[in-house]
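Peer 1: need coordinates for the following:
(chains A and B)
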Amino acid sequence: MTGTWLIRGARPLGREPADVLIADGVITEIGAGLDHAGAQRVDAGGLILLPGLVDLHTHLREPGREDAETVLTGTAAAALGGFTAVHAMANTDPVADTAGVVEQIWRLGRQAGRCDVQPVGAVTAGLGGSRLAELGAMADSAARVRVFSDDGRCVHDAVLMRRALEYVRAFGGVIAQHAQEPRLTDGAQVNEGEISGRLGLTGWPAVAEEAIVARDCLLAAHVGSALHVCHVSTAGSVDIIRSAKAKGWQVTAEVTPHHLLLTEDLCAGYDPVFKVNPPLRTAEDVAALRAGLADGTIDCVATDHAPHPLEDKETEWVAAAFGMTGLETALRVVHEALVDPGLLDWAGVADRMSARPAAIGRLTGHGRLLAGAPANLVLYDPAPREAVDPAAHASRSRNTPFAGMVLPGRVLATFLRGEPTVIDGKLAR
Amino acid sequence: MIRHLISAGDLSLDEALLILDTADELDQIAERPVKKLPTLRGRTVVNLFFEDSTRTRISFEAAAKRLSADVINFSAKGSSVAKGESLKDTALTLQAMGADAVVIRHGASGAPHRLAGWVRGSVVNAGDGAHEHPTQALLDAFTMRRRLGRLEGLRVSIVGDVLHSRVARSNVLLLSTLGAEVTLVAPPTLLPVAVGSWPCSVGYDLDAALPKADVVMMLRVQQERMNAAYFPTVREYSRRYGLDASRMALLPEHGIVMHPGPMNRGVEIAAEVADSVRSTIVEQVANGVSVRMAVLYLLLGGSGAQA
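Peer 2: Numbers count the residues shown, from 1 in each chain, chains lettered A, B, ... in the order given. Model (predicted):
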């Protein structure tokens, strides 16, 4: 089916060097001193070998905003970032709220061939927040949707949220909630606190996230369903999720790379490249999020890759779009924010960026680095330290908050079912 | 001297005093039959107003003209902005026309910051959203110094909607630089949650603040606050935080009453207070021209000598 590859001398999960043999899209053997006549060789001495990364939260913008991103450019960015699967959020135009739209996105991903594109279905029709979308039809479609989210908007109606949590249990689905109490965040621009007061921008209080996280944890427990909390951004949310997990409730959570590294004071110059929802928070929140990811309270890192064209960011702060790109920098940011300070080892990175998000997304072909598993892999060089250069990104948009920031590491190769999508740090085709 | 005036916090004590002292000198021109200096001849000042504010625009226009600058008034209404032109394109247009200074009034906090990144000339913030209005704070300080003879140690109470007030933000920053002691007085709903980090004290009781105030500055209550649960009714607001004649009597004998305008007579300030001898409201307007002359003179004056 596909070529045979021999990756020599890489450190699986950061452990002792080993060789990995790939044939027919599958890892056939991991061990010392492997050889195989006719295999294409990759000398990977000094490189970290991880299972291909899985993103639970990506905005690919197609259909509708192809000026910001397309499935083709977004999956190129994903592959360059080390991802072999991304979950495409539903807030496209038209909204991914029917079997037809999710199948279209799924097919575009298959055609692009750079990473698996798993559509997320909308919870409510048109993201309108008033009636359920046809969740079962999306689940039964060729796209086999299991994650449902109105991301960008909160399912704030408690009855609707309860029904959604209950309903998707029939097909093993999960509701991924964008936790934002709408009345407490009317017109909100930046974290409510010292910065919002000084800048004269409407505050986005932590309580508006925490109130919904708490309510949804209670609802999930009451109906015995699975809740996933998108982009957790406050220390208070981490505490609530920690206590929900301690009670054995089916609650999972994600954190974005930017919330693991950046703080609200970056907004002081009113540059909307730092405008994101939920907003950048305080250093105390960042520390709590890192600790929560390290101890497993937060299950995974998800990028919330949100590309926007220049004209939607080169404006006054309040007029600018919310969001940051993240696929091409995620692994480097996690290296900087968690691996270098000793909060997570490479096995932990593999767990939080591949195995756990794959499990939450109900993806069976990703997240495992062992013989017999599909060969979805990433080779990462931890040694270099370079400034982030947006112009070098494959994403159609340039709104990275990390521009110019010196970060460690570099993705050198990504394999999707045994075929390189990235080789020598460049797209394979 | 700084290149832009965007925040009152950008000014050091020396810079703030230089502006006030310069305004004192320029103020004497207003007494002359010919109210004009040749200082900024050949320089272009653009008044870029995205919000209606006749009083501030006229004040800047008079200031620039008394310094002999060419003045272009660019109002967002009826301009290309109304057709959807971005702030950046407007900035590049002004740049191409050779604006030496752009005075900007904008409804979005931070708009002057963005503008300063796109034009080569000086940017003067004439009020941006709920952020700042530094020339208002300068003219307020100028007025206080005129009336009371000093700023160091002066006790100033600022009363009302601090949360949404650019005047309050700029005054707190400037007055603390100048050594005055500022107290904010408002219902807790109209104070930022982190106001404790500001260089001032905070109280909820106007009657308790007035006997200790050399200056009381009343802020305008915006109509739209009245329907958003910041306070129960206008009548209750007025009863608790409005300045009427009996409250004004609690001030020390020398105490003055200020208001940045426009006033809601009968809401935050009673008519007999606004029109009393303690009121500086008309002086504030007159002093605004001298202070804005000083700002334009100092921001543009350095290179003006070569022009």
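Peer 1: center of the chain - which residue?
Peer 2: Just so you know, I chose chain A. Nearest residue to the geometric centre of chain A (CA atoms, centre = their mean): A:Ala302, 2.4 Å.
Peer 1: could you do chain B instead?
Peer 2: B:Gln136 (1.6 Å).
Peer 1: for it, what is the enclosing helix or strand?
Peer 2: helix B:134-148 (DSSP states H and E).
Peer 1: quick revisit: list the residues that contact the residue nearest to the centre of chain B.
Peer 2: Applying CB atoms under 8 Å, 6 or more residues apart in numbering or on different chains, one finds that B:Gln136 lies in contact with B:Gly127, B:Arg166, B:Val167, B:Ser170, B:Asn171, B:Pro260, B:Gly288. Where C-beta positions appear, they are placed from N, C-alpha and C, glycine not excepted.
Peer 1: against A:Gly203, how distant is the residue in the stretch 251-400 of chain A that chain B sits nearest to?
Peer 2: Using CB to the nearest CB, the closest approach of the stretch 251-400 of chain A to chain B is made by A:Tyr270 at 3.0 Å. Counting by CB to CB, to the nearest Å, the separation of A:Tyr270 from A:Gly203 is 15 Å.
Peer 1: what do you get for A:His178?
Peer 2: Counting by CB to CB, the gap from A:His178 to A:Gly203 is 18 Å.
Peer 1: and for the closest residue in space to A:Thr70 that isn't next to it in sequence, the neighbour number?
Peer 2: Leaving aside its chain neighbours, A:Thr70 sits nearest to A:Glu62 (4.7 Å; criterion: CB to CB, 6 or more residues apart in numbering or on different chains). Neighbourhood size, A:Glu62 [other CB atoms under 10 Å in any protein chain shown]: 22.
Peer 1: ok so A:Glu62 is a helix residue?
Peer 2: No - checked against DSSP: H, G, I helix; E, B strand; the rest coil, A:Glu62 lies outside a helix; its state is coil.
Peer 1: for it, which residues are in contact?
Peer 2: With CB under 8 Å, 6+ apart, A:Glu62 has these contacts: A:Glu69, A:Thr70, A:Val71, A:Gly74, A:Thr92, A:Ile105, A:Leu108.
Peer 1: so which of those residues is the most crowded?
Peer 2: A:Gly74 (32 neighbours).
Peer 1: name the element the closest residue to A:Gly425 other than its chain neighbours belongs to?
Peer 2: Nearest non-adjacent residue to A:Gly425, counting by CB to CB, 6+ apart: A:Leu412, 5.2 Å away. Assigned by DSSP H and E, A:Leu412 belongs to strand A:406-416.
Peer 1: quick one: distance of that strand to the chain centre.
Peer 2: The chain centre lies 16 Å from the centre of strand A:406-416; the measure is CA atoms, centre = their mean, to the nearest Å.
Peer 1: so, low pLDDT: which residues of the chain?
Peer 2: This is for chain A. A:1-2 (pLDDT under 70).
Peer 1: switch to chain B, that's the one I care about
Peer 2: In chain B, residues with pLDDT under 70: B:77-83, B:302-307.
Peer 1: show me what from it comes close to chain A.
Peer 2: B:86-88, B:106, B:108-111, B:113-114, B:128-132, B:163-164, B:166, B:169, B:192-195, B:197-198 (CB under 8 Å from any CB of the partner chain).
Peer 1: buried subset of these?
Peer 2: B:86-88, B:106, B:108-111, B:113-114, B:128-132, B:163-164, B:166, B:169, B:192, B:195, B:198 (16 or more other CB atoms under 10 Å in any protein chain shown).
Peer 1: go through those and flag which are in helices.
Peer 2: The helices, defined by DSSP state H, take in B:Leu87, B:Lys88, B:Ala111, B:His113, B:Arg114, B:Arg166, B:Arg169 from these.
Peer 1: which residues touch the nearest residue to the last one once chain neighbours are set aside?
Peer 2: It stands for B:Arg169. Nearest non-adjacent residue to B:Arg169, counting by CB to CB, 6+ apart: B:Glu132, 5.2 Å away. By CB under 8 Å, 6+ apart, the residues touching B:Glu132 are A:Gly200, B:Ile6, B:Ser7, B:Ala8, B:Asn125, B:Arg166, B:Arg169, B:Ser170, B:Leu173.
Peer 1: highest neighbour count among these?
Peer 2: That'd be B:Asn125 among the contacts of B:Glu132, by other CB under 10 Å, with 30 neighbours.
Peer 1: how about A:Ser130, nearest residue that isn't a chain neighbour?
Peer 2: A:Thr124 (6.4 Å).
Peer 1: A:Asp93 now?
Peer 2: A:Asp93 sits nearest to A:Gly64 (CB to CB, 6+ apart), 2.9 Å away.
Peer 1: that neighbour and B:Ala186, how far apart?
Peer 2: Taken as CB to CB, the span from A:Gly64 to B:Ala186 is 45 Å.
Peer 1: which one's more surrounded, those two?
Peer 2: For A:Gly64 versus B:Ala186, neighbours defined as other CB under 10 Å are more numerous around B:Ala186 (25 against 12).
Peer 1: so the residue nearest to A:Ser130 touches A:Leu135, yeah?
Peer 2: No - A:Thr124 is not in contact with A:Leu135 according to CB atoms under 8 Å; the separation is 9.7 Å.
Peer 1: need the overlap of contacts for these two.
Peer 2: Contacts common to A:Thr124 and A:Leu135, judged by CB under 8 Å, 6+ apart, are A:Ala164.
Peer 1: can you list the domains in chain B?
Peer 2: For chain B, the domain assignment from automatic domain parsing gives the residue ranges B:8-132+B:285-304, B:134-280.
Peer 1: quick one: contacts for the residue nearest to A:Ser130?
Peer 2: Counting by CB under 8 Å, 6+ apart, A:Thr124 touches A:Asp97, A:Ser130, A:Arg131, A:Leu132, A:Ala133, A:Asp150, A:Val155, A:Leu160, A:Ala164.
Peer 1: so which of those comes closest to B:Leu20?
Peer 2: A:Asp150 (54.6 Å; CB to CB).
Peer 1: could you point out which of the contacts of B:Gln136 is nearest to chain A?
Peer 2: Distances from chain A to the contacts of B:Gln136, taken by CB to the nearest CB, are shortest for B:Arg166, at 6.3 Å.
Peer 1: do you know how far the closest one is from A:Ala330?
Peer 2: In terms of CB to CB, B:Arg166 sits 39 Å off from A:Ala330.
Peer 1: equivalent analysis for B:Val124, please.
Peer 2: The gap separating B:Val124 from A:Ala330 is 42 Å, by CB to CB.
Peer 1: in contact with the closest residue to A:Gly187 other than its chain neighbours, which residues?
Peer 2: Of all residues not flanking A:Gly187 in the chain, A:Thr202 sits nearest, at 4.6 Å (CB to CB, 6+ apart). Applying CB under 8 Å, 6+ apart, we find A:Thr202 in contact with A:Asp186, A:Gly187, A:Ala188, A:Gln189, A:Val190, A:Ser196.
Peer 1: if we go to 6 Å?
Peer 2: By CB atoms under 6 Å, 6 or more residues apart in numbering or on different chains, the contact list for A:Thr202 reads A:Gly187, A:Ala188, A:Gln189.
Peer 1: I'd say B:Met248 and B:Glu272 touch.
Peer 2: No - the criterion here is CB atoms under 6 Å, and B:Met248 misses it with B:Glu272 at 8.5 Å.
Peer 1: returning to what we had before: distance to B:Glu51 for the contacts of B:Glu132 - can I get that in CSV?
Peer 2: Output for the contacts of B:Glu132, formatted as CSV (distance: CB to CB, whole Å):
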residue, distance to B:Glu51
A:Gly200, 14
B:Ile6, 17
B:Ser7, 18
B:Ala8, 19
B:Asn125, 12
B:Arg166, 11
B:Arg169, 17
B:Ser170, 16
B:Leu173, 22
